[in-house]
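In: coordinates for the following, if possible.
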Amino acid sequence: MLLVARNGAAGVPAEVAALIEDFARRVALAVSAARRYTRQATISRVLQRGLLPSRVGQIPGVDTYLVYEPSDDGVAGGDFYDVFPAGSGGRWCFMLGDVQGSGPEAAVVTGLARPWLRLLAREGYEVGQVLDRLNGLLLDDAMEAAEAAALIVTGGHGPGLPDGQHARFLSLLYGQVVPSPSGDGGARCTLASAGHPLPLLLRPDGTVTALAEPQVLLGVVDDVAYQSHTFDLEPGDTLLCVTDGVTERRSGPRMFDDEDGLAAVLSGCAGLTAQGVAERIRAAVHAFAPTPPGDDLALLVLQAGRPAG
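Out: So this is what the prediction gives:
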């Protein structure tokens, strides 16, 4: 409540009354916007937490460890992940993705992309074909209906809500792993990156190699044929997959991955367990700047050599 008064019998001048009315209107608009934003933030946070797996699968013979830290700005971001068995033949699939934008629309894309990927993998599609089909689904007009539903739930566009088409842009690292039938801890791995930071392979001697080739984001153009890369994950090898919350962590004008900063930290992780590698990378990202990360942070580590259980 705001009370404005003055001494004397004279009334409040018209220009002062107009100023007070304008001020009160602006306060009311700000309060209304804040309420919409809080409601949107709560809904999007609940949406995304319910759409992510509570734990990732454990690939036989491959030690798997995940670090996922959502940003603390109150609005759920677009990072998502999964590791799951994909039907016969001992195939396992993994994914680490990032929907461009945040809020309910991004949560809708996250909620659709992960089950779509599971379904396509279990239908037997190869890695490149899975990305081709997901790209087509993201460009389908049916996505507009899902995004419209998200806006209805949140009462329309609120502060920070991205444009619908932009929220369909998706970076993704997707791959499949087939453990060695001999149970020696090795595995055959095939993966592809669509607009996503490239995965890094750490050998036991500390050598680090970037895998796969950069390719266009999903949901941008429809005439793309995504290519995959196949390699052997030998016993003792470690595969590191991250989102741009790691590579683009800022300290002033510098980013964490400038001059191959991520590879430099990873090369010092030789001999560590999958959990040890993940925790050391996480600690290095946090220590890179004095302020907390402003973006979601997600990294997935796959390390060959754990005896099959």
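In: only C-alpha atoms for contact and neighbour calcs from this point on.
Out: Noted.
In: element containing Gly175, please.
Out: If you go by DSSP states H and E, Gly175 is part of strand 170-179.
In: pLDDT on that strand, on average?
Out: Mean pLDDT, computed over strand 170-179, is 95.
In: only the C-alpha atoms, please, for that strand, written as CSV.
Out: What follows is strand 170-179, C-alpha atoms only, in CSV (Å, rounded to 0.1, in the frame of the first residue of the first chain):
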residue,chain,number,x,y,z
LEU,A,170,19.2,-29.3,-30.0
SER,A,171,22.8,-30.2,-29.6
LEU,A,172,23.3,-33.9,-29.0
LEU,A,173,26.1,-36.4,-28.5
TYR,A,174,24.6,-39.9,-29.1
GLY,A,175,26.3,-43.2,-29.2
GLN,A,176,26.1,-46.9,-28.8
VAL,A,177,28.4,-49.3,-27.0
VAL,A,178,28.7,-53.1,-27.5
PRO,A,179,30.8,-54.7,-24.8
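In: now the element after that strand, going C-ward?
Out: Criterion used, DSSP H and E; the element after strand 170-179 is strand 187-194.
In: okay, now the sheet partners of the helix or strand just after that next one, with direction.
Out: With elements assigned by DSSP H and E, the helix or strand that comes after strand 187-194 is strand 200-202. Here strand 200-202 is paired, per DSSP bridges, with strand 208-210 (antiparallel), strand 238-242 (antiparallel).
In: which of the ones you listed is buried the deepest?
Out: Most buried of those by mean neighbour count (mean count of other C-alpha atoms under 10 Å) is strand 238-242; its value is a mean of 25.
In: residue nearest the centroid of the protein?
Out: Asp79 (1.7 Å; C-alpha atoms, centre = their mean).
In: before we move on, the earlier item: as a markdown table, the strands paired with strand 200-202 with distance to Pro85 would be great.
Out: Formatted as a markdown table, the strands paired with strand 200-202 follow (distance: least, C-alpha to C-alpha, whole Å):
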| stretch | distance to Pro85 |
| --- | --- |
| strand 208-210 | 25 |
| strand 238-242 | 18 |
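In: give the buried residues for stretch 174-181.
Out: Tyr174, Gly175, Gln176, Val177, Val178, Pro179, Ser180 (16 or more other C-alpha atoms under 10 Å).
In: run through the bridge partners of the nearest residue to Arg91 once chain neighbours are set aside.
Out: Sequence neighbours aside, Val178 is the residue nearest to Arg91 in space, at 4.8 Å (criterion: C-alpha to C-alpha, 6 or more residues apart in numbering). Val178 has these beta-bridge partners by DSSP bridges: Arg188.
In: roughly how far does Val178 sit from Asp296?
Out: Val178 is 29 Å from Asp296, where distance means C-alpha to C-alpha, to the nearest Å.
In: sorry, back to before: just give me the closest of the buried residues of stretch 174-181 to Leu191.
Out: Gly175 (3.8 Å; C-alpha to C-alpha).
In: who's in contact with the nearest residue to Glu234 once chain neighbours are set aside?
Out: Excluding the flanking residues, the one nearest Glu234 by C-alpha to C-alpha, 6+ apart is Gly186, at 4.7 Å. By C-alpha atoms under 8 Å, 6 or more residues apart in numbering, the contact list for Gly186 reads Gly61, Val62, Pro179, Ser180, Asp232, Leu233, Glu234, Pro235, Ala304, Gly305.
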